[in-house]
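1. Sequence unavailable; structure follows:
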């Protein structure tokens with residue numbers, strides 16, 4: 001199995017992609033922070049299916065980690081990442097060091113108002129500015145492409161989509177379904193932090209969100225009632241510490257007074273040092 005070509009500099013990646021585009025090939029791009037799992041692999045398969053050249057970036061972006069967050073301990077395994085990418089037929093693996101991406105202090109940041117402010121934005125101030133800034137930079141490096149993101153990070157997907165629309169990036173953002181373990185737990189690099197007991201308890205998030213979606217499907221229209229139902233199920237699990245539960249309009253991420261249209265139920269829950277997020281959609 002040929003490993004993908006690993007590229008560490010912005011200049012080389014641009015040059016190689018320019019050659020592909022000159023030959024008429026389309027580019028599919030999967031931005032990641034590494035420690036790749038089946039969720040990432042599903043994005044690579046979607047890119048492989050629709051595009052001629054597949055680029056995967058592996059970069060743990062310091063701008064999106066707040067003070068006291070897990071930047072230094074975030075799981076990393078580049079050899080394994082290369083194996084996952086090779087198995088999915090990835091052409092180029094972009095692995096820039098921090099000094100290549102940020103050779104000097106970053107004075108320019110991208111901020112997407114409103115969409116970034118509730119939920120993760122409130123819980124992790126500055127997080128989405130870091131995400132939007134690095135994604136804007138990666139889009140500028142990679143150039144015109146289809147970019148594939150998982151729906152597990154639903155608010156992140158909404159932030160990136162809005163940024164692309166507002167700033168006219170030549171990028172088509174493709175949202176792909178959340179990939180789950182057999183017991184429903186959303187795949188995440190941070191699942192590596194879970195102890196065996198916490199891992200057994202963690203599927204309560206998906207179970208609770210599905211119960212909320214079922215209540216809406218059965219006729220519940222009060223967002224507060226749905227929030228309380230979901231929160232009650234999660235808080236009944238002794239190992240779970242609830243950060244938030246929200247029911248929002250899937251496009252604006254605002255909470256409607258009466259639940260209608262395309263909706264998203266989102267939750268963030270801590271299990272020890274692991275902070276896990278998940279969401280499910282439901283349409284009224």
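-> Yes, it's here. If you're wondering where the values come from, they're calculated on a predicted model, not measured in any experiment. Numbers count the residues shown, from 1 in each chain.
2. Quick one: the strands in the stretch 1-150 of the chain, in order.
-> Ranges of strands in the stretch 1-150 of the chain, per DSSP state E, counting those that start in this stretch, are 5-7, 27-32, 53-58, 92-94, 145-150.
3. I'd like those strands written out as JSON lines, with distance to residue 41, mean neighbour count and mean pLDDT added.
-> Yep, even glycine has a C-beta here, placed from its N, CA and C like the rest. Below are those laid out as JSON lines (distance: least, C-beta to C-beta, whole Å; neighbours: other C-beta atoms under 10 Å; pLDDT from 0 to 100):
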{"stretch": "strand 5-7", "distance to residue 41": "18", "mean neighbour count": "16", "mean pLDDT": "97"}
{"stretch": "strand 27-32", "distance to residue 41": "9", "mean neighbour count": "26", "mean pLDDT": "98"}
{"stretch": "strand 53-58", "distance to residue 41": "10", "mean neighbour count": "26", "mean pLDDT": "98"}
{"stretch": "strand 92-94", "distance to residue 41": "13", "mean neighbour count": "24", "mean pLDDT": "98"}
{"stretch": "strand 145-150", "distance to residue 41": "11", "mean neighbour count": "23", "mean pLDDT": "98"}
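4. Any chance of a markdown table for those, columns distance to residue 227?
-> A markdown table is the format used below for the strands of the stretch 1-150 of the chain (distance: least, C-beta to C-beta, whole Å):
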| stretch | distance to residue 227 |
| --- | --- |
| strand 5-7 | 45 |
| strand 27-32 | 31 |
| strand 53-58 | 36 |
| strand 92-94 | 40 |
| strand 145-150 | 24 |
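5. tell me the contacts of the residue lying closest to residue 74 once chain neighbours are set aside?
-> For residue 74, ignoring the flanking residues on the chain, the nearest one in space by C-beta to C-beta, 6 or more residues apart in numbering is residue 60 at 5.4 Å. Each residue near residue 60 by C-beta atoms under 8 Å, 6 or more residues apart in numbering is listed here: 33, 34, 71, 74, 76.
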